[in-house]
Each structure stands twice: as C-alpha cells, then as structure tokens.
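A.B. asks: need coordinates for the below:
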Amino acid sequence: MTRTILLTGAAGGVGTLLRELLPPYGYRLRLADRLPVDGAEDALVFDLRDAAAVREAVRGVDAVVHLGGISLEDSFAAVLGSNIEGLHHLYEAVRLEGVKRVVLASSNHAVGFTPLTGEGLIGTDIPPRPDTFYGLSKVFGEGLASLYADKYGVETVSIRIGSCFPRPRSPRMLSTWLSPADCARLVHAALTAPGVGHTVVNGISANTRAWWSLSSARALGYEPQDDAEVYAAEVIAEHGELDPESADARLLGGFFTTVEPPA
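C.D. replies: Presented below is the predicted three-dimensional model:
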C-alpha cells in the first residue's frame with residue numbers, strides 16, 4: 001500500500017534531493033515549505049510558526065519527514081520561532097492527528113563541541129554539546145521527540161545528518177558525507193523499522209574516514225552503499241589535507257564551533 005509522507009523543507013537542499021529519491025520506495029509525497037517548491041504547484045506553502053497551517057498539512061498523512069526550519073546559525077529569536085516553536089507545532093499536530101512516525105532532521109551540530117580524539121568511532125550515546133543556537137535547537141528537537149515517544153506513543157528516528165550533498169565539498173566532508181542515495185536509504189529505514197520509540201542515529205555514508213559509528217542506523221536496516229573516499233583525491237587536490245590545528249580537525253562540529261550568530 002502506498003504511504004503518504006509529509007515532507008517539510010521540500011524546497012531546501014536535502015528536501016530537493018529526497019523529492020526525487022523517496023517516491024521509488026513507494027511513497028506519495030505531500031510537499032511543504034515556507035517558500036514555493038520549484039516544479040510543484042500543489043506544494044503547501046506556510047510558516048511552521050502557524051500552528052493551524054501545520055496541523056492542516058499533517059492531516060491524513062501516514063508519517064512525516066521533517067526537514068523544515070533554519071538550517072544554519074541565526075539569531076536566537078529566529079531559531080526559536082522556526083526550529084523550536086515550529087517543531088512543537090509539528091509534534092502537537094502529529095499527536096492530534098494520530099500520526100505515529102516522524103523522521104526528524106537532527107544534526108551533528110547538536111554534539112558539535114565533541115572532541116575528535118581518534119579513539120574509536122563516535123556513537124549516539126554521547127552527551128549534548130551544541131555548537132550554535134542552531135545546534136541547540138536540534139538538542140531541543142531530540143528532547144521533544146523523546147517526550148512525545150514516551151508520553152504519546154509518537155515514534156521518531158532523529159537523524160544527526162552530517163553533510164548531505166551530491167559530492168563532498170571539503171576535506172572535512174570526507175568524514176561527514178551522506179550521499180543523497182544513502183540519505184534516501186536511511187530515511188526509508190527510519191520510516192519502516194518497527195518499534196523505534198525514539199532512536200537517534202548518525203547520518204553518514206560508509207565513509208573510509210568516518211568519525212561516527214553507524215551501529216544504531218544499521219540496527220534499523222540501513223545499509224549504506226557509498227563512500228566519500230572515491231572523491232578524496234580531487235577534494236584534497238583542490239583544498240589540501242585537513243589542518244590538524246583547525247576546528248574542522250579537532251571538533252565534530254568543525255567550523256560551526258567558531259561561528260557567531262548575527263547581531
């Protein structure tokens with residue numbers, strides 16, 4: 001049976017990729033974004049701060065893949081509106097409409113100040129160490145998902161996405177890359193795995209230079225097929241090797257740990 005999925009953030013980078021990659025898995029997508037979605041005249045356009053519009057978007061779907069909200073550092077007020085209040089509106093809508101599964105775009109920036117010690121792969125059981133207000137909103141998101149799983153039975157897989165682009169753009173991304181095809185594989189696993197409660201997984205491909213463990217993602221049935229190493233020679237030729245003294249080499253969140261919010 002075809003399942004209808006609300007895909008928020010459908011006009012964004014990852015959303016644009018998944019719009020093409022998820023339907024072959026048998027999903028019918030209901031697209032939504034704050035901005036118009038190119039080539040999709042029937043897409044819903046609303047702000048996550050509009051609780052009524054969010055509930056209308058959720059009504060009648062089988063699950064939600066939530067990519068919506070601010071995806072870079074911004075002022076606390078902006079992050080509060082889109083990523084915190086907006087996410088609460090989404091979970092309330094999901095609860096009230098009886099939707100039982102959410103796939104939530106979390107981020108490596110929820111744990112961005114985690115040191116890269118080289119002492120084994122980093123799992124998902126590490127404490128929160130957000131590197132920005134944006135990262136802090138992802139900590140909130142994981143906490144909200146946990147609350148709604150325990151209290152209301154709304155199951156969520158929170159994916160700490162690394163760097164989802166068609167190809168790695170920097171030496172750091174040789175470790176954090178999530179290929180578009182693997183992103184779709186991971187989202188599909190997160191939508192179909194039974195009994196997830198609230199599960200946090202790391203979102204990367206099977207990268208030779210990976211810093212993260214994929215154990216919790218593989219437990220859902222995720223089998224990544226791509227490896228950033230195929231791009232390593234050209235990326236390093238263009239940018240050089242990672243400077244071991246740089247934030248990109250020392251901390252999981254990389255340069256985000258040095259970013260200041262706009263005044």
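A.B. asks: list the contacts of the closest residue in space to S71 that isn't next to it in sequence.
C.D. replies: Among residues not flanking S71 along the chain, G12 sits closest, at 6.5 Å (Cβ to Cβ, 6 or more residues apart in numbering). From N, CA and C alone the C-beta is placed, and that goes for glycine too. By Cβ atoms under 8 Å, 6 or more residues apart in numbering, G12 lies in contact with 33, 67-68, 71.
A.B. asks: count the residues that sit near the nearest residue to E241 once chain neighbours are set aside.
C.D. replies: Spatial nearest neighbour of E241, excluding adjacent residues (Cβ to Cβ, 6+ apart): P171 at 6.2 Å. Neighbours of P171 under the rule other Cβ atoms under 10 Å: 21.
A.B. asks: which one in the contacts of G12 is the model shakiest on?
C.D. replies: In terms of pLDDT, the lowest of the contacts of G12 is S71, showing 95.
A.B. asks: am I right that that one is in a helix?
C.D. replies: No. The assignment for S71, made by DSSP: H, G, I helix; E, B strand; the rest coil, is coil rather than a helix.
A.B. asks: report the central residue of this structure.
C.D. replies: Taking Cα atoms, centre = their mean, the centroid of the chain lies closest to A105, which sits 2.5 Å from it.
A.B. asks: list the contacts for that residue?
C.D. replies: Shown in contact with A105 (Cβ under 8 Å, 6+ apart): 9, 14, 65-67, 159, 161.
A.B. asks: same thing with D150?
C.D. replies: 197-198.
A.B. asks: can you rerun that using 7 Å?
C.D. replies: Residues in contact with D150 (Cβ atoms under 7 Å, 6 or more residues apart in numbering): none are found.
A.B. asks: which element is it on?
C.D. replies: helix 133-152 (DSSP states H and E).
A.B. asks: picking up where we left off before, ok, and the most crowded of the contacts of G12?
C.D. replies: G68 leads these on contacts (other Cβ under 10 Å) with 29 neighbours.
A.B. asks: picking up where we left off before, run the chain-centre distance for the helix holding D150.
C.D. replies: From the chain centre to the centre of helix 133-152 is a distance of 13 Å (Cα atoms, centre = their mean, to the nearest Å).
A.B. asks: now do the strands in this protein.
C.D. replies: 3-8, 27-33, 44-45, 63-66, 101-107, 155-161, 198-203 (DSSP state E).
A.B. asks: flag the shaky bits of the protein, pLDDT-wise.
C.D. replies: 1 (pLDDT under 70).
A.B. asks: that one: helices as residue ranges?
C.D. replies: 13-21, 51-58, 76-79, 86-97, 133-152, 173-176, 180-192, 215-219, 232-239, 247-250 (DSSP state H).
A.B. asks: got CSV for those, with distance to L116 too?
C.D. replies: Shown next, in CSV, are these (distance: least, Cβ to Cβ, whole Å):
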stretch, distance to L116
helix 13-21, 24
helix 51-58, 37
helix 76-79, 25
helix 86-97, 28
helix 133-152, 16
helix 173-176, 9
helix 180-192, 22
helix 215-219, 18
helix 232-239, 18
helix 247-250, 6
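A.B. asks: relative to G123, which of those is closest?
C.D. replies: Within these, the stretch nearest G123 is helix 215-219; the backing value is 6.6 Å (Cβ to Cβ).
A.B. asks: can you tell me how far A189 is from S216?
C.D. replies: Remark: distance between A189 and S216 (Cβ to Cβ, to the nearest Å) = 11 Å.
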